[in-house]
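Student: Pasting the sequence and the predicted coordinates here, then a few questions.
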Amino acid sequence: MSSITSFENWIENLFLGLLVGRLKHCSSSVAPRVSFKSDRIARDVIFSDRNYVDWLPYRFTEKRANAFFRNGLPFTCLNKPENKSDLKKLELLFYLRNVIAHKSTYSKKKFEDEVIGSSPVTQQERTPAGYLRGIFRITPSQTRYENLINEMASIAKKLCN
């Protein structure tokens, strides 16, 4: 859970950093549509009267990016055909986070339907913890958790390049 929330926090920091000019993207295509002098002011505008905003499901990030960045870049780069699988991975992260955090009937059903789906998993792997501990691949040895961490790092790299 903390890995996923850390990734969401990273998205927020990238968004605000690019928006206020604290961070510089390597692509000149990335340009804010509006400028802010500080994180606090940008946060007040983006968050409005809320204490937080949702970055996942990722469509929320893309919608927000389209409002604040020219062409929504870099956050809309995952819409390229070669990156579509990344959007699916972010969706899976969202379902995993929700089932761990909320344990509601709805989140459990979404976990079953969207994450596990028709995957051949053992009975022990039908829980979020069991699923994440499960083997993603044998050689080199990697759990699903380790794979998801690598996927988040890969997505972060794409957003920065």
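Tutor: Thanks, I have the structure now.
Student: What average pLDDT does stretch 63-71 get?
Tutor: For stretch 63-71, mean pLDDT is 97.
Student: Run the chain-centre distance for that stretch.
Tutor: 16 Å (CA atoms, centre = their mean, to the nearest Å).
Student: buried set for the helix or strand where residue 91 lies?
Tutor: Residue 91 is part of helix 84-102, with elements assigned from DSSP states H and E. Neighbour-count burial for helix 84-102, counted by 16 or more other CB atoms under 10 Å, picks out 86-87, 89-100. In short, each C-beta sits where N, CA and C put it, glycine included.
Student: Using TSV, lay out those together with distance to residue 11 and pLDDT.
Tutor: Below are these laid out as TSV (distance: CB to CB, whole Å; pLDDT from 0 to 100):
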residue	distance to residue 11	pLDDT
86	13	95
87	13	94
89	14	94
90	10	95
91	14	94
92	16	93
93	11	93
94	12	93
95	17	95
96	16	94
97	13	93
98	17	93
99	20	95
100	18	92
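Student: And residue 63, how far from residue 157?
Tutor: To residue 157, residue 63 is 23 Å away according to CB to CB, to the nearest Å.
Student: now residue 76
Tutor: Applying CB to CB to residue 76 and residue 157 gives a distance of 16 Å.
Student: Give me the more crowded residue out of these two.
Tutor: Neighbour count, other CB atoms under 10 Å: between residue 76 and residue 157, residue 76 has more, with 17 against 9.
Student: Hmm, the more buried one is touching residue 66, no?
Tutor: Yes: contact criterion CB atoms under 8 Å: residue 76 and residue 66 qualify, at 6.9 Å.
Student: how about residue 136, secondary structure?
Tutor: Under DSSP: H, G, I helix; E, B strand; the rest coil, the three-state class of residue 136 is strand.
Student: so what's it up against?
Tutor: Each residue near residue 136 by CB atoms under 8 Å, 6 or more residues apart in numbering is listed here: 142, 143, 144, 146, 147.
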